[in-house]
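Chemist: give me coordinates for this.
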Amino acid sequence: MSPRPALLAALMLSLLAGCVSPPPSGVAREGFAAALARALPFAVGVYGVARSEPAAVGGGPAPHEAERGTPVMPYARVGAGFMIDNQGHLVTAAHVVTDTDEVIVKLADQRVMPATLIGADADLDIALLRIDSPGPVAPPLGRSTLLRPGHWVLSVGEPYGLNRSVAAGIVGGTDRHFSDDPELLYLQTDLALNPGNSGGPLVDASGEIVGMNMRTVVGAYGTPGVSLSIPIEIVLTIAAELRAGGRIDRPRLGAEFGDVSAQLALATGRGTTQGSVVTNVRHGSLAERMGLKVDDLVVAMNDRPIASSADLARVLLGWRLTAGTRLVVLRGESVLTLKLD
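Modeler: Have a look, this model is predicted:
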């Protein structure tokens with residue numbers, strides 16, 4: 001072999017060796033392990049056990065929803081939850097623990113103990129539990145308002161009964177609203193949520209708990225869809241009210257609403273999608289009493305501007321006093337102020 005081909009061969013071998021050489025020291029290899037180390041001690045498994053098979057909570061899972069509690073032993077539902085203080089209070093999904101005879105919690109150290117159901121908000125699917133095992137420190141609760149599309153997030157739960165399973169994904173959107181959940185906002189992620197993830201913590205890349213994982217909305221052809229979590233601020237607000245009285249005294253407007261589509265904006269000549277369009281008004285509801293009608297465009301409530309259905313849902317979440325409630329709506333060419341006395 002001439003010196004030139006030998007030199008080329010040696011050069012190629014050197015390059016290939018460089019491609020497979022280990023990364024230099026100092027390059028992070030642990031992924032999200034440090035973040036999980038902060039949150040995992042506060043994540044729990046939750047089991048709702050009944051002596052006889054309970055009726056499906058809320059009528060059972062809708063066809064487009066893949067994430068719900070699943071039986072792992074006779075007449076039991078399994079889900080997840082997380083501590084919200086160091087006094088033994090924790091939250092989970094209401095459908096996991098309502099209409100059961102006993103609630104069992106499995107802690108991070110694998111201890112199992114009964115939990116007391118303090119209260120539940122079936123509409124928002126949030127339940128507050130208490131165990132006789134206060135923690136030494138408070139959990140790392142963060143702020144979902146700091147999340148942006150593209151941020152990394154993690155889920156911890158018991159999918160299909162798998163102990164303390166972890167999944168990673170990214171935020172796909174914030175302030176998501178669906179007309180069939182008229183007074184609730186979600187965080188959208190691409191996390192793989194399966195039966196047993198309901199009620200578990202949504203964790204950000206720094207290890208702070210920023211939400212409660214709920215369910216996955218599956219595409220029309222069974223394709224993987226988007227996963228939904230309730231922001232931690234909403235969870236803590238509901239938990240505080242449940243702790244104070246065991247129930248939520250929140251008025252219900254009794255109307256379904258959604259975002260203004262581009263087609264509707266053009267058809268009405270407004271040229272903007274701002275506002276929230278009413279899609280349904282229930283008979284006998286507060287909305288009907290106010291005179292709200294289908295196709296009304298809500299642009300303000302109680303002097304707060306409404307730019308989207310998420311804005312209206314946010315106002316309704318904090319709505320407590322019905323007297324003096326005002327809605328400003330566009331109906332055709334008219335601007336109307338609807339009042340509730």
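Chemist: how about the nearest residue to E102, chain neighbours excluded?
Modeler: Of all residues not flanking E102 in the chain, V49 sits nearest, at 4.6 Å (C-beta to C-beta, 6 or more residues apart in numbering). Any C-beta I mention is one placed from the backbone N, CA and C, and that applies to glycine too.
Chemist: ditto for G169
Modeler: Excluding the flanking residues, the one nearest G169 by C-beta to C-beta, 6+ apart is L191, at 3.9 Å.
Chemist: in this structure that neighbour contacts A168, no?
Modeler: Yes - between L191 and A168 there is a contact at 7.5 Å, judged by C-beta atoms under 8 Å.
Chemist: of the two, who's got more company?
Modeler: L191 (25 against 18; other C-beta atoms under 10 Å).
Chemist: for the more buried one, what are its contacts?
Modeler: Going by C-beta atoms under 8 Å, 6 or more residues apart in numbering, L191 touches V153, L154, S155, A167, A168, G169, L202, N213, S227, S229.
Chemist: and S144, backbone torsions?
Modeler: In terms of degrees, to the nearest 10, the main-chain angles of S144 are phi -70, psi -20.
Chemist: check contacts around it.
Modeler: By C-beta under 8 Å, 6+ apart, the contact set of S144 is T174, L187, V210, G211, P231, I232, E233.
Chemist: switch to 6 Å and redo it
Modeler: Taking C-beta atoms under 6 Å, 6 or more residues apart in numbering, we find S144 in contact with V210, G211, P231, I232.
Chemist: and the two most separated of these?
Modeler: The two members of the contacts of S144 with the most space between them (C-beta to C-beta) are V210 and P231, at 7.2 Å.
Chemist: between those two, which one's more packed in?
Modeler: V210 (28 against 22).
Chemist: the closest residue in space to V315 that isn't next to it in sequence: neighbour count?
Modeler: Excluding the flanking residues, the one nearest V315 by C-beta to C-beta, 6+ apart is M301, at 4.9 Å. Neighbour count for M301, taken as other C-beta under 10 Å: 22.
Chemist: ditto for I131
Modeler: Around I131 sit 21 other residues, with neighbours defined as other C-beta under 10 Å.
Chemist: V91 now?
Modeler: Neighbourhood size, V91 [other C-beta under 10 Å]: 26.
Chemist: lowest-scoring secondary structure element of the chain by mean pLDDT?
Modeler: One helix or strand of the chain scores below all others by mean pLDDT, DSSP states H and E: helix 3-20, with a mean of 49.
Chemist: returning to that earlier point: of the contacts of S144, closest to A76?
Modeler: For the contacts of S144, the nearest to A76 is G211 (25.3 Å; C-beta to C-beta).
Chemist: please state the offset of the host helix or strand of the closest one from the chain centre?
Modeler: Using DSSP states H and E, G211 falls within strand 209-217. Offset of strand 209-217 from its chain centre (C-alpha atoms, centre = their mean, to the nearest Å): 3 Å.
Chemist: cool, and stretch 261-275?
Modeler: A distance of 29 Å separates the centroid of the chain from that of stretch 261-275, by C-alpha atoms, centre = their mean.
Chemist: any idea how far the closest residue in space to A192 that isn't next to it in sequence is from D190?
Modeler: Among residues not flanking A192 along the chain, A167 sits closest, at 4.8 Å (C-beta to C-beta, 6+ apart). According to C-beta to C-beta, to the nearest Å, A167 stands 10 Å off from D190.
Chemist: so where's the stretch 51-200 of the chain shaky on pLDDT?
Modeler: Where the stretch 51-200 of the chain drops to pLDDT under 70, the residues are 52-74.
Chemist: can you give me the strands in it?
Modeler: 76-83, 89-93, 102-106, 112-121, 126-130, 152-157, 165-178, 181-189 (DSSP state E, counting those that start in this stretch).
Chemist: what's near enough to touch A127?
Modeler: Residues in contact with A127, defined by C-beta under 6 Å, 6+ apart, are T92, A94, V97, A120.
Chemist: rerun at 10 Å
Modeler: By C-beta atoms under 10 Å, 6 or more residues apart in numbering, the residues touching A127 are 46, 48, 79, 81, 90-98, 103, 115, 117-121, 199, 238-239, 242.
Chemist: gap between it and V96?
Modeler: 7 Å.
Chemist: what of D249?
Modeler: In this view, D249 and V96 are 23 Å apart by C-beta to C-beta.
Chemist: and the nearest residue to P251 once chain neighbours are set aside, how many neighbours does it have?
Modeler: Spatial nearest neighbour of P251, excluding adjacent residues (C-beta to C-beta, 6+ apart): T322 at 5.0 Å. Other residues lying near T322 total 14 when counted by other C-beta under 10 Å.
Chemist: quick one, helices of this protein?
Modeler: Assigned by DSSP state H, the helices in the chain fall at 3-20, 33-39, 94-97, 232-245, 262-267, 286-290, 309-317.
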